[in-house]
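Student: With the sequence up front, the predicted model follows.
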Amino acid sequence: MGAKIICVCNQKGGSGKTTLAMHFAGALSLRRVKVLVVDGDDQGSAVEWAALAPEGIPFPSKVCSLAKAGRKIHQEIKKFFDDFDYIIVDCPPAADSPVAKSSLLVADLALVPFIPGALDMLAAVLIRDTIEDVKILNPDLMSRLVINRIEPQTTLTQTVLELIPNFNMDILNSKIHKRTAYGEAVLSGTIVHNLKKKAKEAIQEIEDLTDEIITVINSK
């Protein structure tokens, strides 16, 4: 049985795609699951994150860049299909990106990180439409919104959250809050699990998210 392929994608930069991709991958790896993170963005944020890991303590999962493959990245991803249990693709911040569209052709699940805000709502509409277009060729593709970087409730945040049920994309129950632990994990080349007690709440969020994503993807 080959790898489950998950694309983390959005139209808008700064939505937390790489944070979500790397923490989900790391959490899976700690469960002794074979995971590959494919950095599909020319900026190379996932590769740079892993490169910050201290000598002798590598990032929990394997990370490689396939950004140069462009619209043929789905062909490159297939080469790893039998070597891993999960392949997580960190897509560029553009709904019309050839990398995003190509990756979604072979994906089981599209995860769309979503920060509650007006601009993020508009951007998410574009990636939703891209996902729907790809479903013509990949009808088994599932998609889920992930509420990310939640801050103390504001009127705008609450209004946006109330609109999400009308968005025509299922939403995960697990939510990620804005926490300094996530930034510290990047600078340490690791995930919040390795920050231990000072990241207790962040660790629980990632574990809950990981459990839910596994449940969703195994429901196919």
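Tutor: Thanks, I have it. Numbering: from 1, shown residues only.
Student: State the number of residues packed around the nearest residue to residue 182 once chain neighbours are set aside.
Tutor: Spatial nearest neighbour of residue 182, chain neighbours left out: residue 19 (5.5 Å); criterion: Cβ to Cβ, 6 or more residues apart in numbering. Where C-beta positions appear, they are placed from N, C-alpha and C, glycine not excepted. Neighbour count for residue 19, taken as other Cβ atoms under 10 Å: 25.
Student: who's in contact with residue 90?
Tutor: By Cβ atoms under 8 Å, 6 or more residues apart in numbering, the contact set of residue 90 is 8, 17-18, 21-22, 37-41, 45-46.
Student: Next, give me the two most distant ones among the residues you listed.
Tutor: 22 and 40 (13.3 Å; Cβ to Cβ).
Student: Surely residue 63 forms part of a strand?
Tutor: Yes. Counting by DSSP: H, G, I helix; E, B strand; the rest coil, residue 63 is found in a strand.
Student: Let the chain start at 388 from now.
Tutor: Renumbered: residue one is now 388, and that last one reads residue 450.
Student: Specify the beta-bridge partners of it.
Tutor: Going by DSSP bridges, residue 450 is paired in beta bridges with residue 424.
Student: got the contact list for it?
Tutor: Neighbour list for residue 450: 409, 412, 423-424, 426, 433-434, 436-437 [criterion: Cβ under 8 Å, 6+ apart].
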